[in-house]
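Asker: Only the shape, not the letters, is given here:
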């Protein structure tokens, strides 16, 4: 009995392969821009050798009663310690020993701001006060030794009068800044400049000046002042850069469209100068600015793009914290919905958008690794652990570099999720991951405030 020879499959396979090649080629652009949800990097990608371990677990006091508007976002890393603001105190955690090294008492630190910078000696500045009275005290703390360097009342910024008013003092959105050996303390009526080591006055606000500095910041070796020049006849605001001696490096007059001035919300970078603005028509954008020519280019239109705002929520304009981004080799990385998006700073072109997958969420950029690759925090799910993830800056491919163990019992709020699931702030520094609760409520009493892992 003769069997029929099997039908040759070669032509069919060739046709199928050709169709696959055509489909991949036609969808190449879409895959490159929005790659992860289509499964290009799908698979078990959390099987990594490194698991972080808990170094510090700190809680709010069991009798903690929050005050109105409580917020404790301030934190700094040193060679030995992570220091953060806690209710009425700064707490330093010894990273090697895994314990609390010191507590510096700072009453009424819940409402006012602290410097984001620390000096070369490890000094930071903290404003203290209340919503009713304003921020009337400034204290400089030595983080290396856990001691107060000096503390003094802030002098009223307004003209001499028998009774100062609230706006003569810093408010909740006024953050002190440190550059070199100087401390800058802003108010709505101008800024104080103090000697950082002693608190002695270098310059006081001049209520009759044509331009007054109402906000300060410092990035690297460049100080920033946001200035109101309405008394000099200008309609718009001015952003000024200066060095450690106070010498002006550049001035940028923000444009005015008729009666609609452009305002600054914060500065992401000074080289290149990237500014988060709110223009006169209500657009929320990130601009690349050339302060020498006064020209700007839109890098990201935050209203029309899926990217998240890199700056903290603000009720008005100013120099707010815009650290929710990473910048590497001319590429700006921002959080977008469930992943990360990359933009060419020179052209404003969106390069790629990347997610781990459709089920997992990632934080905004935590910074860069030693190779200049962005790092993000991957939130845990019911089935998967949390992880620290490296993002390839060239194409957005995500790779887990370390996973986290299960959340400790004390990190869960009553009836809620753990600090691993809902961190209000996350840091990565020199191999340490820290997660924080920065705006606690009464249900946080006795529960996790800070988790540090390595």
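Answerer: Structure received. These numbers come from a predicted model, not from an experiment.
Asker: measure the closest residue to residue 73 other than its chain neighbours to residue 145 for me?
Answerer: When the adjacent residues along the chain are set aside, residue 73 lies closest to residue 438, with 4.5 Å between them (C-beta to C-beta, 6 or more residues apart in numbering). To be clear about C-beta, it is placed using only N, CA and C from the backbone, and glycine gets the same treatment. Separation of residue 438 from residue 145 (C-beta to C-beta, to the nearest Å) stands at 25 Å.
Asker: neighbour count winner among the two?
Answerer: Between residue 438 and residue 145, counted using other C-beta atoms under 10 Å, residue 438 has the larger neighbour count: 17 against 14.
Asker: which ones are touching the more buried one?
Answerer: 71, 72, 73, 424, 425 (C-beta atoms under 8 Å, 6 or more residues apart in numbering).
Asker: Report pLDDT for it.
Answerer: Here the pLDDT value assigned to residue 438 is 96.
Asker: does it sit in a helix, a strand or a coil?
Answerer: Counting by DSSP: H, G, I helix; E, B strand; the rest coil, the backbone at residue 438 sits in coil.
Asker: do the same with residue 214
Answerer: Under the three-state scheme (three-state DSSP), residue 214 adopts strand.
Asker: now swap in residue 104 and tell me
Answerer: Three states are possible here, and by three-state DSSP the one that applies to residue 104 is strand.
Asker: what about it, how many neighbours?
Answerer: Other residues within reach of residue 104 by the criterion other C-beta under 10 Å amount to 21.
Asker: my read: it touches residue 89, true?
Answerer: Yes: in terms of C-beta atoms under 8 Å, residue 104 counts as a neighbour of residue 89; the distance is 6.2 Å.
Asker: Other residues contacting the helix or strand residue 287 falls within?
Answerer: For residue 287, the enclosing helix or strand under DSSP states H and E is strand 284-290. Residues external to strand 284-290 that are found in contact with it (C-beta under 8 Å, 6+ apart): 252, 265, 268, 272-279, 295-303, 309-310, 332, 345-346, 348.
Asker: Would you mind listing which of these are buried?
Answerer: In the contacts of strand 284-290, burial by neighbour count holds for 252, 265, 268, 272-279, 296, 299-300, 302, 309-310, 332, 345, 348, counting by 16 or more other C-beta atoms under 10 Å.
Asker: For residue 166, give me phi and psi.
Answerer: With angles defined as degrees, to the nearest 10, residue 166 shows backbone torsions of phi -60, psi -40.
Asker: Correct me if wrong: it contacts residue 133.
Answerer: Yes: with contacts counted by C-beta under 8 Å, residue 166 reaches residue 133, the gap being 7.5 Å.
Asker: Return the residues in contact with the residue nearest to residue 260 when sequence neighbours are not counted.
Answerer: Residue nearest to residue 260 in three dimensions, not counting chain neighbours: residue 280, with 2.5 Å by C-beta to C-beta, 6+ apart. The contact partners of residue 280, taken as C-beta under 8 Å, 6+ apart, are 255, 256, 257, 258, 259, 260, 261, 262.
Asker: The strand holding residue 287 pairs with which strands, and in what direction?
Answerer: Strand 284-290 has the following sheet partners, assigned by DSSP bridges: strand 273-278 (antiparallel), strand 295-301 (antiparallel).
Asker: what separates the residue nearest the centre of the chain from residue 266, distance-wise?
Answerer: What sits nearest the mean C-alpha location of the chain, by C-alpha atoms, centre = their mean, is residue 323, with 2.6 Å. Distance, residue 323 to residue 266, using C-beta to C-beta: 9 Å.
Asker: What mean pLDDT does stretch 381-398 get?
Answerer: Confidence for stretch 381-398, expressed as mean pLDDT, is 96.
Asker: Pull up the distance across it, start to finish.
Answerer: The separation between the terminal residues of stretch 381-398, taken as C-alpha to C-alpha, to the nearest Å, is 17 Å.
Asker: Give the buried residues for it.
Answerer: Neighbour-count burial for stretch 381-398, counted by 16+ other C-beta under 10 Å, picks out 384, 385, 386, 387, 388, 389, 390, 391, 393, 396, 398.
Asker: now swap in stretch 350-365 and tell me
Answerer: Burial within stretch 350-365, assessed by neighbour count using 16+ other C-beta under 10 Å, is assigned to 350-357, 360-365.
Asker: Ends of that stretch, what's the gap?
Answerer: Using C-alpha to C-alpha, the two ends of stretch 350-365 sit 17 Å apart.
Asker: Same check on stretch 443-454?
Answerer: End-to-end distance of stretch 443-454: 28 Å, with C-alpha to C-alpha as the criterion.
Asker: Check stretch 348-368 too.
Answerer: 21 Å.
Asker: Repeat that for stretch 283-298.
Answerer: According to C-alpha to C-alpha, stretch 283-298 extends 11 Å from its N-terminal end residue to its C-terminal end residue.
Asker: Give me the buried stretch members for that stretch, please.
Answerer: For stretch 283-298, the neighbour count (16+ other C-beta under 10 Å) marks 284, 285, 286, 287, 288, 289, 291, 296 as buried.
Asker: Check stretch 211-228 too.
Answerer: Those would be 211-219, 222-228, for stretch 211-228 by 16+ other C-beta under 10 Å.
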